[in-house]
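Engineer: the following comprises the amino acid sequence and a computationally predicted model.
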Amino acid sequence: MFFQITKVDENRPLDFMSINKWTTALSVILIVASLISLSVNKLNWGLDFTGGTLVEVGFSQPANLTELRSVLEENDFGDAIVQNYGTPRDVLVRVPPRGEGDSDAVGNQLLQMLQANINDDIQIRRVEFVGPQVGEELAEAGGLALLVALICILIYVSFRFEWRLALSAVAGLGQDVILILGLFSITQMQVDLTILAALLAVIGYSLNDSIVVADRIRENFRKLRKEDPTSVINISLSQTLSRTLVTSLTTLVVLIVLMLFGGQMIFGFSVALAVGVVVGTYSSVFTRSTLVLALGISREDLMPPEVEKEGEDQENYL
Amino acid sequence: MLNRYPLWKNLLILFVVLFGTLYALPNLFGEDYAVQISGTRGGEVTVDTVAQVERSLERAGIPIRGLTFENGQMLVRVDSDEDQLNARELLVQELGSQYVVALNLAPATPAWLAAIGGEPLKLGLDLRGGVHFLMEVDMEEALSKIREQMVTTVQDRLREERLRYQRVQADGNSIVVTMRNEADFQSAIGVLRNQYQGYDFRTDSSSRTITLAMTDQFLQETRSNAIDQNITILRNRVDELGVAEPLIQRQGADRIVVELPGVQDTARAKEILGATATLEFRFVDTDNDVQDAIAGRVPFGSRLFDQRGGGQVLLENRVILTGDHIVNASVGYDESNRPQVNISLDSAGGRMMTQATRGNIGKPMATVFIEFLATGETTDEGRIAFDRVEEVVSVATIQAVLGSNFRITGVGSVQDAQNLALLLRAGALIAPIQIVEERTVGPSLGAENVEAGMKAIIGAFILVLLFMGIYYRKFGLVANLALMTNLVMIIGVMSMIPGATLTMPGIAGIVLTVGMAVDANVIIFERIREELVEGRSPQQAIARGYENAFSTIADANITTLITALILFAVGTGSIKGFAVTLAIGIVTSMFTAIAGTRAVINLTWGRNKRLKELSI
């Protein structure tokens, strides 16, 4: 098949680290671009975090958005955002939080108004109202979740691996999160709770990747005594490359299917995950390895206290 | 060397897989249209009710597909949605207001499966349609209500003992009593001391004041009670809506989650659930002139109230009765066919009403309807501010000494009367609530989501199966077997766990698991290939491949599991659904991809001593 690179032997590893100047430069450029966009364009926060009201309605024929907008404007909903959602017949109307009372009534007002003024059989598909207070809390809980996840993972990997490997694994996660958020900032796609879930899933996935590589780096440092750190890392990356590619590709294929068929409600979620898989793979192969080398990893750091091969004690579980 | 699992291991794996499959089975049988009947307001579903239902459905020519009666609930399965609607309409009429008849979809799980606890997956609101509300309880108002009650109780007690007080008033969370003279002050100490539990008792002889301060414990209990009572009342109100399988749950210190699957008319649902109305009966102050009061000379002991439809009324401060004593309220018609509301009180309420009306026949009594409307602003503590809106809905002359049953006339239109009766019936909320989050998903969107999700799962599945089969050949087929088993196991485990619901992000979680579950096999198979390249024999390569891959796989999955757990802990609603499927998927995929494939590989190739090459 198309992956004949699988059988890379350690005598002819691919020289990943020879291009690490370029990848480092690429990482820096992407991260800086993301950070700039995040501070200039900010993120397009979804209803979950801003609060407000959202109504999704289905028309029997393609909706006339201009007419819809003018109807909304005439009825004091000039601040509403109107857009097609998925198909030309589905329309999303989003209203920012209102100052006056009984804001959960806005959804009903909107629906009644649309039904009264638009000459079509409008079907209510979805109504969401999030109070500003709740939105703030959700944002807070979300940020907290990301932070707690990173800390828990840092604790776990530093318990399982040497600190240089652990630190570069978590740094890679930081890069993943920043780049995904950067993309959402540049494209102004909406960030809602599902995106947060996707970010956490990406953290899990990307870490999964880097652990496989780190495991191999550790193993090879112990096994290949003659090689210098750079070639140990090159060998490890080459050996795990086919696994990295196969897993990334199957996951990516699955996510593309989800993007195409999964419907609008999880489109952003699928995009975040798909981007996460690509970025996560990139950072497992290049960013983390470069960082591990830069942190000055050596064979002595990874020698086990007792002469026991990793995995030997696990036999009983298999 | 040979690769063999001991018999018990093979049997254990087989058993686990069969167990998971068994519990995944109920999902194949679909659902029946059904109506669910339960008792409310004293009504109880008995064998007689069952017989009555059977008779009336038979008379109407609606065939009954099945009928179950347990836990005081009756479930009648019918053939079509048309039958279902007809049956409900019929039964609502026949059974009357003491029963709730709700539309439901009942799983058509065969009896033997149901008997061992087999149930189909529970779908989240985003997949089956319905409303999700998050409500916040205004604790400040609950406490102020209690303070007011306390002021009245203390006043009554002192009056009973003929002790003259200057003032009894609420101050923060305390009741401050100021007595007229020293002698009464001393007696009042004797009367009030230790009488009110939950209050700290303090006296100040120089100003002749007695302070009753609520203790922290009392405050906490009160808060907790307020939530519990509101939940009970909300449950009653949900019953009014006729919803099958509603969820009403406390969340955090002062919030309540209400989920109503299948409810379409959200406006109506909100009106009934969110109406934080209560009712008070007060005497009209006939000794003073309303016009004087409107001009600004409001007499002591009375207050001006707005009247529905305009105008103002002067009412006494003293409340005869509050809405929480109301047991039932229904709409009736008076002689001239005008709507009226018939009210029944509990015995304590009946006594209070009798006592209050005994000497006051011929005096007008007003019904005050109190609503708490959110102002949309927040208080300094970040809570939602409420406006207390009081409105006199009726003023009626007391015709006789009223007891536990009486009626209010002149309430407006039939619709007004019905709404009033409904709100009275459902009880008054002890503290106002405000909807702080609402998510409604229409049934068509729910169905579309299910369809889209299924498409994505199947599509993803087929692509991954193809890829694995081509890339790893026969070993790929083993991995595919594991992948299919994994999907069945996820569904089985999710159906088994009572709290797990499938949501749209949950479906995404399953799709993601399909992609990621092959990872374990990829790691193992790549290892085996490497071992073969290094010149090991096929049997050795298999054994070493599995051994060396294990710790890597475990590490990788544990970290993903950590993120899933964190998501579960902080996530709400559909995000929790994602976390659940992800976590279950990780565990089941570890099992199928490691133990499952090994067992199959051992059985297929492990016994062959002369195995020369592997199809990998």
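Structural biologist: Structure's in. What do you need?
Engineer: okay, buried residues for the helix of greatest length in chain A please.
Structural biologist: The longest helix of chain A (DSSP state H) is helix A:229-261. Under the neighbour-count criterion of 16 or more other CB atoms under 10 Å in any protein chain shown, helix A:229-261 has A:229, A:231-259, A:261 buried. Glycine gets a C-beta too; all of them are placed from N, C-alpha and C.
Engineer: immediately after that helix, which helix or strand?
Structural biologist: Per DSSP states H and E, the first helix or strand lying C-terminal to helix A:229-261 is helix A:267-282.
Engineer: what is the orientation angle of that next one with helix A:229-261?
Structural biologist: Relative orientation of helix A:267-282 versus helix A:229-261 (axes from the mean of the first three to the mean of the last three CA atoms, to 10 degrees): 160 degrees.
Engineer: counting contacts, what elements does helix A:267-282 pack onto?
Structural biologist: Helices and strands touching helix A:267-282, by 3 or more CB pairs under 8 Å, 6 or more residues apart in numbering or on different chains; DSSP states H and E, are helix A:163-187, helix A:193-223, helix A:229-261, helix B:504-533.
Engineer: off-centre distance for it?
Structural biologist: Relative to the centre of its chain, helix A:267-282 is centred 5 Å away, using CA atoms, centre = their mean, to the nearest Å.
Engineer: next: stretch B:191-200.
Structural biologist: Put simply, stretch B:191-200 sits 37 Å off its chain's centre (CA atoms, centre = their mean).
Engineer: now do the end-to-end distance for that stretch.
Structural biologist: Using CA to CA, to the nearest Å, the gap from the first to the last residue of stretch B:191-200 comes to 15 Å.
Engineer: in that stretch, what's buried?
Structural biologist: Neighbour-count burial for stretch B:191-200, counted by 16+ other CB under 10 Å, picks out B:191, B:192, B:196, B:199.
Engineer: wait, a helix at the third one?
Structural biologist: It stands for residue B:196. No - using DSSP: H, G, I helix; E, B strand; the rest coil, the assignment for residue B:196 is coil, not a helix.
Engineer: surely it is in contact with residue B:211?
Structural biologist: No - with contact defined as CB atoms under 8 Å, residue B:196 does not count as touching residue B:211 (11.6 Å).
Engineer: please flag which of the buried residues of stretch B:191-200 sit within helices.
Structural biologist: Counting by DSSP H, the part of the buried residues of stretch B:191-200 found in helices is B:191, B:192.
Engineer: if we can go back for a sec, now the helices and strands packed on helix A:267-282 in CSV, with distance to residue B:544?
Structural biologist: Listed next are these as CSV, based on distance: least, CB to CB, whole Å:
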stretch, distance to residue B:544
helix A:163-187, 24
helix A:193-223, 13
helix A:229-261, 14
helix B:504-533, 5
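Engineer: same list, these, but as a markdown table with mean pLDDT and distance to residue B:332 please.
Structural biologist: What follows is the helices and strands packed on helix A:267-282, written out as a markdown table (pLDDT from 0 to 100; distance: least, CB to CB, whole Å):
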| stretch | mean pLDDT | distance to residue B:332 |
| --- | --- | --- |
| helix A:163-187 | 92 | 60 |
| helix A:193-223 | 87 | 49 |
| helix A:229-261 | 90 | 56 |
| helix B:504-533 | 87 | 47 |
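Engineer: which intervals of the stretch 501-616 of chain B have sub-threshold pLDDT?
Structural biologist: Within the stretch 501-616 of chain B, the stretches with pLDDT under 70 are B:573.
Engineer: does anything pack onto the helix or strand harbouring residue B:332? Which helices or strands?
Structural biologist: Assigned by DSSP H and E, residue B:332 belongs to strand B:326-333. Secondary-structure packing of strand B:326-333 (3+ CB pairs under 8 Å, 6+ apart): strand B:339-345, helix B:414-425.
Engineer: partner strands of that strand, parallel or antiparallel?
Structural biologist: strand B:339-345 (antiparallel) (DSSP bridges).
Engineer: check which element follows the partner strand along the chain.
Structural biologist: Downstream of strand B:339-345, the next assigned helix or strand under DSSP H and E is helix B:347-358.
Engineer: the inter-axis angle of that following helix versus strand B:326-333?
Structural biologist: Using the same axes, to 10 degrees: helix B:347-358 against strand B:326-333 is 60 degrees.
Engineer: how many neighbours does residue B:528 have?
Structural biologist: As a burial measure, residue B:528 scores 26 neighbours (other CB atoms under 10 Å in any protein chain shown).
Engineer: residues in contact with it?
Structural biologist: Shown in contact with residue B:528 (CB atoms under 8 Å, 6 or more residues apart in numbering or on different chains): B:475, B:541, B:542, B:544, B:545, B:614, B:616.
Engineer: what's the pLDDT at residue A:104?
Structural biologist: Model confidence at residue A:104, given as pLDDT, is 68.
Engineer: sorry, slip of the keys, the one I care about is residue B:296.
Structural biologist: We note a pLDDT of 79 for residue B:296 in this prediction.
Engineer: secondary structure element holding it?
Structural biologist: Using DSSP H and E, residue B:296 falls within no helix or strand.
Engineer: can you mark which positions in stretch B:559-566 are buried?
Structural biologist: Within stretch B:559-566, the residues that qualify as buried are B:559, B:560, B:561, B:562, B:563, B:564, B:566, counting by 16+ other CB under 10 Å.
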